[in-house]
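J.: below: sequence and its predicted model.
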Amino acid sequence: MNSILLTLVQFVATLAIAPFVVGLVRLFKARLQGRHGASPFLPYITYATLLKKQMVISKSTSWVFRLVPFVVLASTLFLVCVLPLVVFGGALSHLGHFMIIAGVLALGTAFLVMGGLESASAFGGMGASREMTLASLVEPAMIATFATFAVVTGAFTVDTMFASANILTSPALLPAIAALIMIALAENARYPVDNPATHLELTMVHEAMVLEYSGPYLAMLEYASGLKLTIFSLLVANVLFPMTLAVDATLIAIIMALGWMIIKVVIVSFLLALLESMIAKMRFYRMQEYLTIAFFFALAGLVFALIHITL
Amino acid sequence: MSFPKLLNRLFLGPRVTEKQESFLKTDEEFETVGAELKSIVINLYGGRSLRIRAVDGGSTNAEEIELTALNNAYYDIDRFGLSFVASPRHADMVWVTGPVTRNLERAVRTTYEAAPEPCIVVAIGDGACTGGIWKDSYAVVGALDKVIPVHIKIPGDPPTPTQILRGVLNALKQSSSK
Amino acid sequence: MNFSFFVLLSLAGTLLAALVSCISAKGQGHRAVMTLLALSTGLGAIASAVFLLSGQSQLAISQSVWFFSTPFALSTLSALFFFLLNTVACLASVYAIKYVEQYAEIYNVRVLDGLMAIFVLGMQGVLLSSAPFGFLVFWEVMSISSFFLVMADKQAASVRAALFYLIMTHLGAGAILAGFLILSGSSIFEPFTRLAVLAQSLPPQTLFGVFLLFLFGFGSKAGLVPFHVWLPEAHPQAPSHISALMSGVMLKMALYGFLVMTFSVLPIRSSTEALIVIALGLLSAVYGVIYAVIERDVKRVLAFSSIENMGIIFTMIGVAMLVKSQGMDTFAHVAIGAALLFAIAHAFFKSGLFMGAGVMVHAAHSRSLEVMGGFSKRMPVFSGSMLILALAAAALPPFSAFMAEWTFIQNLVANLSQMSPFIQGVLVLVLVTMALVGGLALFAMIKLFGIGFLAEPRSEHAAHAKAPDALIAVPIFALAALTIFVGACAPWILSIIGFADLTSFETWHTNLVVAEATLNPLVLFDVLIALFLVVFVARRLLSNKKHERPYHTWDCGQPITSGMEYTATAFSSPIRFFFRMITRTKKNVIATPVLASNPWIASRIFSLDLRQIWYDVLYVPIQHACLWTSTQVRKLQNGVIQFYIALIFIALVVTLTIAL
């Protein structure tokens, strides 16, 4: 009962805050560019507006096109259920094996890619090809990162991994966390992998795949990508500060955890906006260098962890 | 300038962005067409978050320069909930510039048709409003409303960013208030 | 109850099918033969399934004197493979009824049916024989019948591929025969159990040699790099139901042979053998998956994907051997369980994909992905089952192959810290390589489905594709359903095939338990489906469902055609670029000016050379060496009779010298 309540709190809180995170990153970026910027609550209205709009469905598409938003959003919701974002020890956290996390992320990406290919336009195909490349090269880095956590903590679900990971006693986690951050940037199509604000189809990765979606389907896809950003922001923050999560379902603990959650997303959004304002996007054909670096960070973490344990 | 100072200036210092009120208070009358706009704007939450697809219907690029200026720190169109997007599928507004030339007539029409309803059409500049100096030329179709229904017209050759923003915002405000 | 009678009945039925096809008149009897084959293999599948469920570990079928006293028996392992073989063969026969009729003018239907029955019979025999003689005889039956099946369409490319296959498979068979002869002291009639006893007394160097022979023999059949070159040539050339059998089942015969020889017959002594297996497995996995990504021919993509999958399975077995040599029997046990689960999954999804590829090829009149597309709109139900199969082949949760990878990697990571540094290094390499291969396998499968099925058709034929006949579609649906079933009931299946210690029973479900980590695939399934329904209901509640309008794809104002779509070549171009050191593909653009006055206006022909480096580094030198040797030897053929007499005399002297 306790754990179900915790999962519900996390589910509702993450779902509620996701558009805010998207708006917050945009606001911080605007401020860093000297602009006033839109309200961080704007995405809520944007999604509501999209839900009211008509959908224009391309005649080239089939049932797969309609299936895509549902699978993408459902796979993201799965991550919200099983990962430690606001609370530890949720009712479904036993499903949060790192292999399953990587697999469900890949499932969402695979469907997004199919949605891109469905449009029959060159832009969709281009975005799909790029996203697929990134996803397939992120996979080894992600597995190696989580394997490091598993070796250090002796746990297999991300929930228990994060609950027992202490970077002060196991410095081997530091490269793994660096890799996790790089993976988070790649998974969420942020700088230096992708420019989330671009209007140029030729430089797009994520945006190019959703060019053909409109109305409620677009709202679902944008909401899913916002959720993913929130998930990864909280994950990166929680690795560093696992004490900010609720472990039992008392009122005080939950309120504390929710308060911490808001503080964490504000800080991570600011850092993300700062990063995006400071660095340039990398050329796509240099992406393998970026991902290889992430991979070797993760691998270094794994090797350090093994050496640490053996000694 | 050191980095903390820069951050301090950016976040807490004076904004270069012009005051919001300067766009909303105006004596000028802008032409809005029909009651259709009103129902659209009310349906879309008062037009607080609208996405724009800009289409070049054969303009001299003068209007495009002004539209680009809307994104900069002085005008900052983002704070009004307006943003440019890459696909008409995402758009709630279609902004058309220039007299619709015969070569671009199809592009303008398909862009409008490709955008999901309801979709607000804004004619920007004299060319799109009336045909401007190209009116009755053999190479142009003429004013935008000969091709697709127009909801807001913003005259000027080219209109300044301020005029464009005033036109759009006041039209939206009038439609959502009454 | 005695199942052995039913197993024999199944064999007899298969044989009868072959005979009926021989005696039937030309153009007739096809349906009867295929129905008979489907019934006999169905019976075999049911018999072996019942045997597996009964929990017995051995089933003697017959111990007749006439076949050189070869004992025929089923063990749990061979019953599992027997079940896979018969299930896939049963579905392939149903599929073949209509499929072959579509190509009645290309194939000699009588011969094709008869050979297929013999091919199935050969594989059944391989699994039942527990002595080298029967094993090798049926192995040859399997190899030779499949050799003829590869060249069933009598085209030059098929004949070339078939000959290549024949050479490779016979080199392999020769190696296996040599291995048996060395083990048993030049007798091939001793049963495997006796060989295991004999092997105990042989010196380690000899055993190592025998192991290498078996590895080459079974590895070349399983398509391990670098003995794989025949596989992407031969599998695609065969008719699709035969490709399904070859890729889905025949490769498993090699796996079965290797498992029996390595774990039951040969005593495992050193980690060197294990490291060789791991190296070949990883090499095959990486090499196979990269080519699966960059290939454009749908059946070649699947063939390379088979190489990759066999690579993964052999890696798992290699890891099992490695840790077993270190005395970690539990780890080894789990790794073998994972390998078998992967093999089951592979048998189903790869057969299904090959049968589906047959439908795609028939619709597009070409094997090239570049002329396909739009099938998901034209054959929605068929494309749905292909999507499931493709996702399963990409090892995505909650499908079957994922469960095997989960079991393996979970176990590997859990035990990582208890190993010696060297083993740790090897296992970390295995871990990251398998993760890379997993990512790229997803790429290959999404390319296959995305380019083949989605968007607009890229050719006239594809545009007029029609949904396949029910008899063709049903086996594919059945395989897709089996794939889901294997994924959802992975723990249950593992407990049946003798890995009950990997599972734990709770009140109403079975968990997969590996190294203190538990996973219930059914719960995973349920949660994913529940969340899907949540999204579905939320979308219904939050917005008006009917509010939509069809329109053509956003084209930026200029009409677009299917020629502007991304192709398989373009889709995989980043991977081709990133792995250009390995693939060494060559892009050739030939520009011929259209106007003499303006060289810039040119028609361009783009071609991509997907040459495999193994040809250049391994096979071409061997070929040159052979040719060179024969040229040298030919110098003896000078036509002078005195010279020949002198040669005979020299040979006699040499022989006598050695003999005396």
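T.: Done, it's in. Residues are numbered from 1 along each chain as shown, chains lettered A, B, ... in the order given.
J.: residue contacts, the most centrally placed residue in chain B?
T.: Compute the mean C-alpha point of chain B, and by C-alpha atoms, centre = their mean the closest residue is B:Trp95, 4.9 Å away. Contacts of B:Trp95 were listed using C-beta atoms under 8 Å, 6 or more residues apart in numbering or on different chains, and they are B:52-55, B:67, B:122, B:124. (C-beta placed from N, C-alpha, C; glycine too.)
J.: got the contact list for C:Met168?
T.: C:220, C:227, C:229-230.
J.: what's the farthest-apart pair in those residues?
T.: Distance extremes for these: the farthest pair is C:Ser220 and C:Val229 at 9.6 Å, using C-beta to C-beta.
J.: quick one: which of these two has more around it?
T.: For C:Ser220 and C:Val229, the more surrounded residue by other C-beta atoms under 10 Å in any protein chain shown is C:Ser220, and the numbers stand at 24 against 19.
J.: okay, and that one sits in which element?
T.: Secondary structure assigned from DSSP states H and E places C:Ser220 in helix C:204-222.
J.: so in chain B, which strand runs the longest?
T.: strand B:50-56 (DSSP state E).
J.: so which bits of the helix or strand just after that strand are buried?
T.: The helix or strand immediately downstream of strand B:50-56 is helix B:62-69, counting by DSSP H and E. Applying a neighbour-count criterion of 16 or more other C-beta atoms under 10 Å in any protein chain shown, the buried positions in helix B:62-69 are B:62-64, B:66-67.
J.: can I get these in JSON lines including pLDDT?
T.: Output for the buried residues of helix B:62-69, formatted as JSON lines (pLDDT from 0 to 100):
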{"residue": "B:Ala62", "pLDDT": "91"}
{"residue": "B:Glu63", "pLDDT": "90"}
{"residue": "B:Glu64", "pLDDT": "92"}
{"residue": "B:Glu66", "pLDDT": "92"}
{"residue": "B:Leu67", "pLDDT": "92"}
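J.: tell me the mean pLDDT for the longest strand of chain B?
T.: When pLDDT is averaged over strand B:50-56, the result is 91.
J.: walk me through which strands it pairs with, and which way each runs.
T.: Strand B:50-56 has its sheet partners listed here by DSSP bridges as strand B:82-84 (parallel), strand B:93-97 (parallel).
J.: just how off-centre is the next helix or strand along the chain from the longest one within its chain?
T.: So the one you mean is strand B:93-97. The element immediately downstream of strand B:93-97 (helix or strand, assigned by DSSP H and E) is strand B:100-101. Computed by C-alpha atoms, centre = their mean, to the nearest Å, the chain-centroid distance of strand B:100-101 equals 18 Å.
J.: which elements pack onto strand B:100-101?
T.: For strand B:100-101, the packing partners by 3 or more C-beta pairs under 8 Å, 6 or more residues apart in numbering or on different chains; DSSP states H and E come out as strand B:140-142.
J.: and the next helix or strand after the strand it packs on, how far out from the chain middle?
T.: Counting by DSSP H and E, the next helix or strand C-terminal to strand B:140-142 is strand B:152-154. Distance of strand B:152-154 from its chain centroid, counting by C-alpha atoms, centre = their mean, is 8 Å.
J.: which helices and strands sit right next to strand B:152-154?
T.: By 3+ C-beta pairs under 8 Å, 6+ apart, strand B:152-154 packs against strand B:31-32, strand B:120-124, helix B:125-130, helix B:161-177.
J.: residue numbers of the stretch 201-311 of chain A in contact with chain C?
T.: For the stretch 201-311 of chain A, the residues in contact with chain C under the definition C-beta under 8 Å from any C-beta of the partner chain are A:211-212, A:215-216, A:219-220, A:284-285, A:287-288, A:295, A:299, A:302-303, A:306, A:309-310.
J.: and if you look at chain B?
T.: Proximity of chain B to chain C (C-beta under 8 Å from any C-beta) is limited to residues B:87-89, B:104, B:106-108, B:110-111, B:113-114, B:116-117.
J.: repeat that for 6 Å
T.: Contact residues of chain B with respect to chain C, defined by C-beta under 6 Å from any C-beta of the partner chain, are listed as B:87, B:89, B:107, B:110, B:114.
J.: Throw the residues you listed into JSON lines and include pLDDT, thanks.
T.: Listed next are the residues of chain B next to chain C as JSON lines, based on pLDDT from 0 to 100:
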{"residue": "B:Ser87", "pLDDT": "89"}
{"residue": "B:Arg89", "pLDDT": "91"}
{"residue": "B:Ala107", "pLDDT": "91"}
{"residue": "B:Thr110", "pLDDT": "92"}
{"residue": "B:Ala114", "pLDDT": "91"}
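J.: now for these, which pair is the farthest apart?
T.: Pairwise distances across the residues of chain B next to chain C peak at 15.3 Å for B:Arg89 and B:Ala107 (criterion: C-beta to C-beta).
J.: higher neighbour count, those two?
T.: The residue with more neighbours, out of B:Arg89 and B:Ala107 and counting by other C-beta under 10 Å, is B:Arg89; that gives 27 against 20.
J.: enumerate the residues of the stretch 151-300 of chain A near chain B.
T.: With the criterion set to C-beta under 6 Å from any C-beta, the stretch 151-300 of chain A comes near chain B through A:199, A:211-212, A:214-215.
J.: again, but for the stretch 1-150 of chain A
T.: A:31-32, A:34-38, A:42, A:45-46, A:48-49, A:53-54, A:56.
J.: buried ones in the helix ranked longest in chain C?
T.: For chain C, the helix that runs over the most residues, judged by DSSP state H, is helix C:329-364. By 16+ other C-beta under 10 Å, the buried positions in helix C:329-364 come out as C:331-364.
J.: can you confirm C:Pro550 is in a strand?
T.: Yes: residue state for C:Pro550 (DSSP: H, G, I helix; E, B strand; the rest coil) corresponds to a strand.
J.: ok, the one residue sitting closest to the centre of chain C to C:Leu610 distance?
T.: For chain C, the residue sitting closest to the mean C-alpha position, by C-alpha atoms, centre = their mean, is C:Ser247 at 3.4 Å. Counting by C-beta to C-beta, to the nearest Å, the gap between C:Ser247 and C:Leu610 amounts to 19 Å.
J.: for the residue lying closest to A:Ile309 once chain neighbours are set aside, grab the count of nearby residues.
T.: Closest residue to A:Ile309 apart from its sequence neighbours, by C-beta to C-beta, 6 or more residues apart in numbering or on different chains: C:Ser417 at 4.6 Å. A count of neighbours around C:Ser417, defined by other C-beta under 10 Å, yields 16.
J.: so C:Ser417 makes contact with A:His308?
T.: No: counting by C-beta atoms under 6 Å, A:His308 is not a contact partner of C:Ser417; they are 9.5 Å apart.
J.: report how many residues lie close to C:Lys447.
T.: Based on other C-beta under 10 Å, the number of other residues close to C:Lys447 is 29.
J.: look up how far B:Leu67 lies from the residue nearest to the centre of chain B.
T.: Between B:Trp95 and B:Leu67 the computed distance is 7 Å (C-beta to C-beta).
J.: what sits in contact with each of these two?
T.: Both B:Trp95 and B:Leu67 are contacted by B:Ala54, under the criterion C-beta atoms under 6 Å, 6 or more residues apart in numbering or on different chains.
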